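Trainee: I would like to see how this sequence folds:
(one chain, ligands or ions: 1)
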Amino acid sequence: MTTTPDLDLMPGVEATPLALLLLGRQSDPSSERGVDCPGDLPAASDPTLVARARAAKAALGDRVFVLGHHYQRDEVIQFADVTGDSFKLAQQAAARPEAEFIVFCGVHFMAESADVLTGPDQAVVLPDLAAGCSMADMATFDQVEQCWDVLTAAGIADTVVPVSYMNSSAAIKGFTGRHGGTICTSSNAKRALTWAFEQGTAGHPTKVLFLPDQHLGRNTAVREMGLLLEDCVVYDPHKPGGGLTVEQLRAATVILWKGHCSVHGRFTVDSVRDVRGRVPGVNVLVHPECTHDVVRAADLVGSTEFIISTLDAAEPGSAWAIGTELNLVRRLAKSHPDKTVVFLDKTVCFCSTMNRIDLPHLVWSLEQLVEGVVPNRIEVEPETARWAKAALERMLALP
Ligand code: SF4
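Mentor: Alright, predicted model coming up:
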């Protein structure tokens, strides 16, 4: 268990439960994030980096399969064999039993899922172990076990089905599988919640514990499934009993974990108002990790795959303000010169941990593989992997 150092905090400001690491340094076993990057990285200024990546990939041939998440930098995405959101990449990892090495250009929890879904002879490599996810770090295994104890004490645990967002550690996915739940992504959250509610009966209706993104859970339950805001409660792992009374827990239909994405959480209703003033006729299209107020103020809401396909199908001359990670928005603006594509916020909004994977780290990991060394291998402990796989397979089998 990591202890929080004594800090002089301003009144009303709570200490973060995890000691913050300098990115790429030290290790924190209770964090979803990784540790040091060993070895000598090529300099970012090396003019031969693109040629080196190309040569290493060619030397490895079909032995390597490179997956690239949509939020990755252009310099990395150009070497991806497949690009996608976390759902598509999970499917792609599972569908490549012939690849000896899966190089995952994304973040730590995605590489863990790829390891769970691939065979024991396949190695999943994360080019920089410090590429984590602040949202995934907001639900630790101990906290979630404690929450289950609270639900048990309230007499409702046997009616609760956990639904965990892909953006969670393998340990949380394992917990979900062990308790009969499923994983979801932003593409299939409605199907996952529908499935979870179908697990109950008329006399014994199901409640859902949604981990760890409260916004995706609330937006799906209220906007897509017609539940009321009052049907949802927020469980705060830093408060005794989650900050909820037994009556509140018993009355709730959806128990949302108090987690969020630090990137999508930056968009506000003011950003929506502002862009409507700046760009005449603009369509506001946002990701469901944004707050409920932002989602309500937007014109369209959907996963990164939905955002991409909406832009592809949009009329030439139309105008779009996109509320998601900046690397993707920039790429969309470049690939749709016949449309106006702007970023929803005025300030820069990259996912800093996704951006840890850069060309030097990719070159380094590919060249290590060529030399016969498997760097930064992500391996999930077998018992955790067994249950995480059960939860992931339930997701892959959703109608
Ligand atoms: S964009 Fe948000 S949810 Fe996605 S990896 Fe970054 S911090 Fe995590």
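
Trainee: what is the helix or strand of the chain with the lowest mean pLDDT packed up against?
Mentor: Ranked by mean pLDDT, DSSP states H and E, the helix or strand of the chain with the weakest confidence is helix 86-94, at a mean of 85. In terms of contacts (3 or more CB pairs under 8 Å, 6 or more residues apart in numbering; DSSP states H and E), helix 86-94 is packed against strand 64-69, strand 82-84, strand 101-105, helix 108-117, helix 382-396. Every C-beta, even on glycine, is put in place using the N, C-alpha and C of the backbone.

Trainee: now for the residue of the stretch 151-300 of the chain found nearest the ligand: which residues touch it?
Mentor: Using CB to the nearest ligand atom, the closest approach of the stretch 151-300 of the chain to the ligand is made by Cys261 at 3.4 Å. If you count contacts by CB atoms under 8 Å, 6 or more residues apart in numbering, Cys261 has them with Ser134, Met135, Asn167, Asp213, His215, Glu289.

Trainee: also near the ligand: which of those, exactly?
Mentor: When CB under 6 Å from any ligand atom is applied, the members of the contacts of Cys261 adjacent to the ligand are Ser134, Met135, Asn167.

Trainee: spatially nearest residue to the first one, not counting backbone neighbours?
Mentor: By that I understand Ser134. Residue nearest to Ser134 in three dimensions, not counting chain neighbours: Ser262, with 4.7 Å by CB to CB, 6 or more residues apart in numbering.

Trainee: tell me if I am right that that neighbour is in a strand.
Mentor: No: under DSSP: H, G, I helix; E, B strand; the rest coil, Ser262 sits outside any strand and is assigned coil.

Trainee: that one against Met135, yeah?
Mentor: Yes: Ser262 is in contact with Met135 according to CB atoms under 8 Å; the separation is 7.3 Å.

Trainee: now do the buried residues in stretch 299-317.
Mentor: Residues of stretch 299-317 classed as buried under the neighbour-count rule (16 or more other CB atoms under 10 Å) are Val301, Gly302, Ser303, Thr304, Glu305, Phe306, Ile307, Ile308, Thr310, Leu311, Ala314.

Trainee: in TSV, list the residues you listed along with secondary structure.
Mentor: Below are the buried residues of stretch 299-317 laid out as TSV (three-state DSSP):
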residue	secondary structure
Val301	strand
Gly302	coil
Ser303	coil
Thr304	helix
Glu305	helix
Phe306	helix
Ile307	helix
Ile308	helix
Thr310	helix
Leu311	helix
Ala314	coil
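
Trainee: for Phe267, state which of these is nearest.
Mentor: Val301 (11.7 Å; CB to CB).

Trainee: give me the pLDDT value at the residue of the stretch 151-300 of the chain closest to the ligand.
Mentor: The score at Cys261 is 95. That number is its pLDDT.

Trainee: just want the phi and psi numbers for it.
Mentor: phi -90, psi 130 (degrees, to the nearest 10).

Trainee: all strands for this protein, in order.
Mentor: 64-69, 82-84, 101-105, 123-125, 160-165, 182-184, 207-211, 232-235, 254-257, 283-286, 300-301, 319-323, 340-343 (DSSP state E).

Trainee: of the buried residues of stretch 299-317, which pair is most distant in space?
Mentor: Ser303 and Ala314 (16.6 Å).

Trainee: what's the local residue count around Asp158?
Mentor: Neighbours of Asp158 under the rule other CB atoms under 10 Å: 9.

Trainee: thought Thr253 was touching Val208?
Mentor: Yes: Thr253 is in contact with Val208 according to CB under 8 Å; the separation is 7.2 Å.

Trainee: who's more crowded, those two?
Mentor: Neighbours per residue, other CB under 10 Å: of Thr253 and Val208, the larger number sits with Val208, 27 against 17.

Trainee: list the contacts of that one.
Mentor: Counted by CB under 8 Å, 6+ apart, Val208 has contacts Val160, Val161, Pro162, Val163, Leu193, Ala196, Phe197, Gly217, Ala221, Thr253, Val254, Ile255.

Trainee: got phi/psi on the residue nearest to the spatial centre of the chain?
Mentor: The chain has Asn167 as the residue nearest its centroid, 3.2 Å off, counting by CA atoms, centre = their mean. Here is the backbone geometry of Asn167 (degrees, to the nearest 10): phi -80, psi 70.

Trainee: tell me how far it lies from Gln199.
Mentor: Distance of Asn167 to Gln199, given as CB to CB, to the nearest Å: 23 Å.
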